[in-house]
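Novice: predicted structure and sequence below. I'll ask about it afterward.
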Amino acid sequence: MASKTTNPFTFLQQVRAETAKVTWPSRRETMISTVMVLIFAVIAMLFFFAADILMGYAIEWILGLGH
């Protein structure tokens, strides 16, 4: 498969043209998305922490460890 080479100046022009086509989120949308990600990360952290604790207690109870 042959590759078409482009000089660096043309490449940068093409990159700039493609970047201009991108619809960038507003500052408000970015902040809302960031807060949502942080909230869901905390929820996931709490879930996995609780699951780890519960499974640890279950394993100790099943195997009779710690008594």
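Specialist: Sure, I can see it.
Novice: output the lowest mean pLDDT helix or strand found in the chain.
Specialist: Counting by mean pLDDT, DSSP states H and E, the chain has its least confident helix or strand at helix 8-21, which shows a mean of 91.
Novice: in it, what's buried?
Specialist: Residues of helix 8-21 classed as buried: none (neighbour count, 16 or more other CB atoms under 10 Å). In this view, the C-beta of every residue, glycine as well, is placed from N, C-alpha and C.
Novice: okay, it in PDB with CA atoms only?
Specialist: C-alpha atoms of helix 8-21 as PDB (Å, rounded to 0.1, in the frame of the first residue of the first chain):
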ATOM      1  CA  PRO A   8       5.200  19.600   7.000                       C
ATOM      2  CA  PHE A   9       3.800  23.000   6.000                       C
ATOM      3  CA  THR A  10       0.900  21.400   4.100                       C
ATOM      4  CA  PHE A  11       0.300  19.000   6.900                       C
ATOM      5  CA  LEU A  12       0.000  21.800   9.500                       C
ATOM      6  CA  GLN A  13      -2.400  23.600   7.200                       C
ATOM      7  CA  GLN A  14      -4.600  20.500   7.000                       C
ATOM      8  CA  VAL A  15      -4.400  20.000  10.800                       C
ATOM      9  CA  ARG A  16      -5.500  23.700  11.300                       C
ATOM     10  CA  ALA A  17      -8.400  23.300   8.800                       C
ATOM     11  CA  GLU A  18      -9.600  20.100  10.500                       C
ATOM     12  CA  THR A  19      -9.300  21.700  14.000                       C
ATOM     13  CA  ALA A  20     -11.500  24.600  12.800                       C
ATOM     14  CA  LYS A  21     -14.200  22.100  12.000                       C
END
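Novice: neighbouring contacts of that helix?
Specialist: Identification of contacts with helix 8-21 by CB atoms under 8 Å, 6 or more residues apart in numbering yields Thr6.
Novice: now for the following helix or strand past that helix, which elements pack on it?
Specialist: Per DSSP states H and E, the first helix or strand lying C-terminal to helix 8-21 is helix 27-63. Here helix 27-63 touches no other helix or strand, going by 3 or more CB pairs under 8 Å, 6 or more residues apart in numbering; DSSP states H and E.
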